[in-house]
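1. Sequence first, then the predicted structure, then my questions.
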Amino acid sequence: MKKNKKRKLKYYFSACFFTLSALLELALISLEILQHRRQTDIPKNIIYAVFAISVAVYLFYKAKTVGTDKDDEDERDEFITVKTDHQMYKIANWLIYILSLVFLIGAAFMYEAQGFTTLVIILITIAATLSVLWNLLLLIEVIMGITNELKN
């Protein structure tokens, strides 16, 4: 039991570290966009931010599932698994929404400062893709909710 607590803490601290590094990368992207400097570094920082967010989500998931063994599954373990998956879904859903807004606002600032450049088109495309993904996830959630209500 004590070993599981230590592993949970390790996963939580690692997830916090990667979350902070992702926020730092997003802040660097915002500064580079607003100050119109080193725009060749923006794609690299976007890749680093996405990687850090992905690792943080994975570590958070691992921290939530530590101690739930597959050998002696009962209803509580299944409930914890369902709750953890639901939390991860909600976090990913909000993350997609916030990232689409960040890219869209960044594209708007860059369009105002530089005009219609290739980087603006790329940022708008990424923002539109993330927005479509967020809307599809929301639609699937609504359909599943309606299906569950009709079942009961």
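-> Done, it's in. Residues are numbered from 1 along each chain as shown.

2. Mind telling me what element residue 148 is part of?
-> helix 118-151 (DSSP states H and E).

3. List the buried residues in that helix.
-> Buried residues in helix 118-151, counted by 16 or more other CB atoms under 10 Å: 119, 120, 123, 124, 126, 127, 130, 131, 133, 134. For glycine as for every other residue, the C-beta is placed from the backbone atoms N, C-alpha and C.

4. so which of the residues you listed comes closest to residue 76?
-> residue 134 (32.1 Å; CB to CB).

5. on that earlier part again, give the rounded mean pLDDT of the helix holding residue 148.
-> Averaged across helix 118-151, the pLDDT comes to 83.

6. just for the chain, where's the confidence low?
-> Scanning the chain for pLDDT under 70 picks out 1, 37-39, 67-74, 77, 79, 81, 152.

7. residue ranges for the strands of it, please.
-> Counting by DSSP state E, one finds no strands in the chain.

8. tell me the centre residue of it?
-> By CA atoms, centre = their mean, the mean C-alpha position of the chain lies nearest to residue 95, the distance being 3.8 Å.

9. Which parts of the chain are helices?
-> 2-35, 42-65, 75-114, 118-151 (DSSP state H).

10. distance between the last one and the chain's centre?
-> Going by CA atoms, centre = their mean, to the nearest Å, the spacing between the C-alpha centre of helix 118-151 and its chain's C-alpha centre is 14 Å.

11. Mind giving me the packing neighbours of it?
-> Using 3 or more CB pairs under 8 Å, 6 or more residues apart in numbering; DSSP states H and E, the elements in contact with helix 118-151 are helix 75-114.

12. Cool, thanks, signing off.
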